[in-house]
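In: Okay, structure incoming, though there's no sequence with it:
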């Protein structure tokens, strides 16, 4: 009996390992397929325009490698203007070279919002995101969402995050994940109250690191299948 139990436990362990390996293989395949898309927004044409609260905006989805140097420079400068002080308040050093490298990475994707008015057309907001694995789970990771001050509190940021969630759903990603500084109270309120994001199980506060300067937030997109037992 004892040897049979040991064999059964060993088999169960192997089965769990096989299931985990299969899940990771599936996750890698889904991430690869998402990154091979020409334009993830093709399936959501109505979301290419935002015309509310006095704004007339068009939204495009582009690979970071397809952004013009002028647009990349604008995105970097906006991020630096909005985030450098928050980095320093949180005990993180702001490094231009590292941030540029992150934003120019070959896996980077962007949602770019351009405002149209009598003065012409120019970018006013963007989301930098990636299709990636996070702790062996297929996710859309939101690296940045940045808006010019003139277009804040007009629903555009919420619209961009909703588009990001649609892209995650379309590509069968399990969740959208992002990092937020604890000192950035307005951002935490936006994500947790307005967008219904929750503290992720991998966040420092969930891992006995209560003194951390940031939280990892997430929203489940494709629910994990569960088996009901009666």
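Out: Thanks, I have it. Fair warning: this is a prediction, and the values are worked out from it, not measured in the lab.

In: Could you give me the buried positions within the strand or helix carrying residue 17?
Out: Here residue 17 sits within helix 2-35, counting by DSSP states H and E. For helix 2-35, burial by neighbour count (16 or more other Cβ atoms under 10 Å) applies to 27, 30, 31, 34, 35. The C-beta positions use only the backbone N, C-alpha and C, and glycine is treated the same way.

In: so the second one makes contact with residue 138?
Out: Yes: look at residue 30 against residue 138 with Cβ atoms under 8 Å: they come within range, at 4.9 Å.

In: returning to what we had before: make TSV out of the buried residues of helix 2-35 and add distance to residue 109.
Out: Compiled in TSV, these are given as follows (distance: Cβ to Cβ, whole Å):
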residue	distance to residue 109
27	18
30	15
31	12
34	9
35	8
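
In: Which strands or helices does the lowest-mean-pLDDT helix or strand in the chain pack on?
Out: Using mean pLDDT, DSSP states H and E, the weakest-scoring helix or strand in the chain turns out to be helix 2-35, at a mean of 80. On a contact count with 3 or more Cβ pairs under 8 Å, 6 or more residues apart in numbering; DSSP states H and E, helix 2-35 meets strand 120-134, strand 137-147.

In: and the residue nearest in space to the middle of the chain, what are its bridge partners?
Out: Nearest to the mean C-alpha position of the chain, by Cα atoms, centre = their mean, lies residue 142 at 2.1 Å. Judged by DSSP bridges, the bridge partners of residue 142 are residue 129, residue 178.
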